[in-house]
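S.K.: attaching a predicted model along with its sequence, questions to come.
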Amino acid sequence: MRRTGVRWFLISAAIALNSLPLLRQPHRSPQFSLPVQLPSQALPAQPEPYFTQELINPDSPRRMSHVASICELPDGRLAAVWYAGSREGAPDVAICFATQPRGQTNWTMPRAILTPELAARELHRAVRKVGNPVIFCDAGAGKIWLLYVTITVGGWSGSSLNLTTSTDEGLTWTPSRRLTLSPFFNISELVRNRPVPLSGGSWVVPIYHEFAGKFPELLWLRDGADGVSATKSRIAGGRSGFQPALAALSTNTALAFLRDCSPRKRISVARTDDAGRTWSSPQDLDLLNPDSGLSALRLSDGRVLLAFNDSDTGRGNLRLAASADEGRTWKRLATLEEEKGAEFSYPYLLQARDGTVHLVYTWKRKAIKHVAFNPAWLNVHRNQPSE
């Protein structure tokens, strides 16, 4: 009985102390930096729809590839990262990096840029597992950011967030730095989805917590003269909404779409109208979610695009849906994958500066798939999923 009381005291203390960073608001009132609306004269009057797809690592010697992200480099090339190994959480898992020249469909040979051994040396602590890499680029500063997860003991709930950067387009990387986001253990912080840039060159990154319940958070990153500062805040998410995906609608308004682990099996969404300081209670959408990751993107034409598993039982399909009324109603647009018993998971969306939409995702746990299309393809490709 005494051991039970001590355990619950430690859990309660962890929850309380983990909440302390919520009191630390951004130094200035943040504003979301929206994608630039492409001028009509820069595009053909009636652009032809196009769609391409390929595997980034079709001949990978690693049996498992999972959880990819993608960014656009200053010169227009694409860069992608993911983790791969014999299985999820295995000691041989490494974070891999590859690039695609502009206008081409082939990718460079993937190379491992982080392993548990390398992360342990750089962080000066034991590391058993690495995973969930998220890459993003400040084109103006010529800097690539890479957030990733390390685990010392246990599973994902015992994870820590780490940061490394590159100023030579991924050729070399700074030594990793562990982010301190809680005064108690500083564990169970994970990243999965695309950051949103803020005015002034800062970033807000959707993250989430898994140790004492599952809930969504925001990581505020600022690159200043004294280095990178990191604080976090909470998104209202209850106990079942987590792994948020952000879509900024204006400089102050954004939607946070949540993966759901409850019996409801629905994507839920919370809204902020003060640039992330406060959030509404999540509301269920009429879009299914089998407790799986999703990705959200505000297109330059103002629509919100979602990539998700449109099922309440598994990850055997991958669909796109769009909303033209700030997430109130949705139209299913395209079925990208459909195979019973297969897995197509953890989508990650990006719109490049030329308007092309890029999507990377786990393909059957064997490889990472990349698809690219323009908004004109979305406008004509409207196949409703079968009932």
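M.R.: Nice, I can see it. Residues are numbered from 1 along each chain as shown.

S.K.: how far does stretch 51-59 sit from the chain's center?
M.R.: Distance, stretch centre to chain centre, for stretch 51-59: 20 Å (CA atoms, centre = their mean, to the nearest Å).

S.K.: which parts of that stretch count as buried, going by neighbours?
M.R.: Of the residues in stretch 51-59, I56, N57 count as buried by neighbour count, 16 or more other CB atoms under 10 Å. For glycine as for every other residue, the C-beta is placed from the backbone atoms N, C-alpha and C.

S.K.: gap between S69 and L221?
M.R.: Distance, S69 to L221, using CB to CB, to the nearest Å: 15 Å.

S.K.: more crowded one of the two?
M.R.: S69 (28 against 20; other CB atoms under 10 Å).

S.K.: what is the particular helix or strand that has the more buried one in it packed up against?
M.R.: Assessed by DSSP states H and E, S69 sits inside strand 64-72. Where contact means 3 or more CB pairs under 8 Å, 6 or more residues apart in numbering; DSSP states H and E, strand 64-72 is packed against strand 78-85, strand 129-138, strand 344-351, strand 357-363, strand 367-373.

S.K.: average pLDDT for it?
M.R.: Taken as a whole, strand 64-72 has a mean pLDDT of 98.

S.K.: show me what that strand pairs with in its sheet, parallel or antiparallel.
M.R.: Strand 64-72 sits in its sheet next to strand 78-85 (antiparallel), going by DSSP bridges.

S.K.: mean confidence (pLDDT) on the strand it pairs with, please.
M.R.: 98.

S.K.: from the chain's centre, how far out does it sit?
M.R.: With CA atoms, centre = their mean, you get 13 Å for strand 78-85.

S.K.: quick one, helices of the stretch 101-250 of the chain?
M.R.: Ranges of helices within the stretch 101-250 of the chain are 116-123, based on DSSP state H, counting those that start in this stretch.

S.K.: same check on the stretch 251-387 of the chain?
M.R.: Counting by DSSP H, counting those that start in this stretch, the helices of the stretch 251-387 of the chain are 375-380.

S.K.: on that earlier part again, format the helices and strands packed on strand 64-72 as a markdown table; extra columns: mean neighbour count.
M.R.: Listed next are the helices and strands packed on strand 64-72 as a markdown table, based on neighbours: other CB atoms under 10 Å:
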| stretch | mean neighbour count |
| --- | --- |
| strand 78-85 | 26 |
| strand 129-138 | 23 |
| strand 344-351 | 24 |
| strand 357-363 | 24 |
| strand 367-373 | 23 |
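
S.K.: just the pLDDT for G154.
M.R.: With respect to pLDDT, G154 has a value of 84.

S.K.: burial of it, as a residue count?
M.R.: Counted with other CB under 10 Å, the neighbours of G154 add up to 13.

S.K.: just P375 next, same as before
M.R.: 20.

S.K.: what stretches of the stretch 101-250 of the chain score poorly on pLDDT?
M.R.: Where the stretch 101-250 of the chain drops to pLDDT under 70, the residues are 183-184, 237.

S.K.: now the strands: where do they sit in it?
M.R.: 111-114, 129-138, 143-151, 159-166, 177-178, 189-191, 196-197, 203-209, 215-224, 227-234, 241-248 (DSSP state E, counting those that start in this stretch).

S.K.: run through who's touching the fourth one.
M.R.: With contacts defined as CB atoms under 8 Å, 6 or more residues apart in numbering, strand 159-166 is touched by 114, 119, 122-123, 143-152, 172-179, 181, 186-191, 207, 210, 219, 221, 228, 230.

S.K.: partners of it, with directions?
M.R.: Strand 159-166 is paired, per DSSP bridges, with strand 143-151 (antiparallel), strand 177-178 (antiparallel).

S.K.: wait, isn't Q243 in contact with P216?
M.R.: Yes: between Q243 and P216 there is a contact at 7.2 Å, judged by CB atoms under 8 Å.

S.K.: common neighbours of the two, please.
M.R.: Joint contacts of Q243 and P216 (CB under 8 Å, 6+ apart) are P206, Y208, L258.

S.K.: give me whichever of the strands paired with strand 159-166 is most buried.
M.R.: Among the strands paired with strand 159-166, ranked by average contacts under mean count of other CB atoms under 10 Å, first place goes to strand 143-151 (a mean of 23).

S.K.: relative to strand 227-234, how tilted is it?
M.R.: 60 degrees (axes from the mean of the first three to the mean of the last three CA atoms, to 10 degrees).

S.K.: export strand 143-151 as CSV, just CAs?
M.R.: Output in CSV follows, covering the C-alpha atoms of strand 143-151 (Å, rounded to 0.1, in the frame of the first residue of the first chain):
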residue,chain,number,x,y,z
LYS,A,143,19.6,26.9,-41.6
ILE,A,144,18.1,23.4,-41.4
TRP,A,145,16.6,22.4,-38.1
LEU,A,146,16.1,18.8,-37.0
LEU,A,147,14.2,17.7,-33.9
TYR,A,148,14.2,14.1,-32.9
VAL,A,149,13.4,11.8,-30.0
THR,A,150,15.7,9.7,-27.9
ILE,A,151,14.9,7.1,-25.3
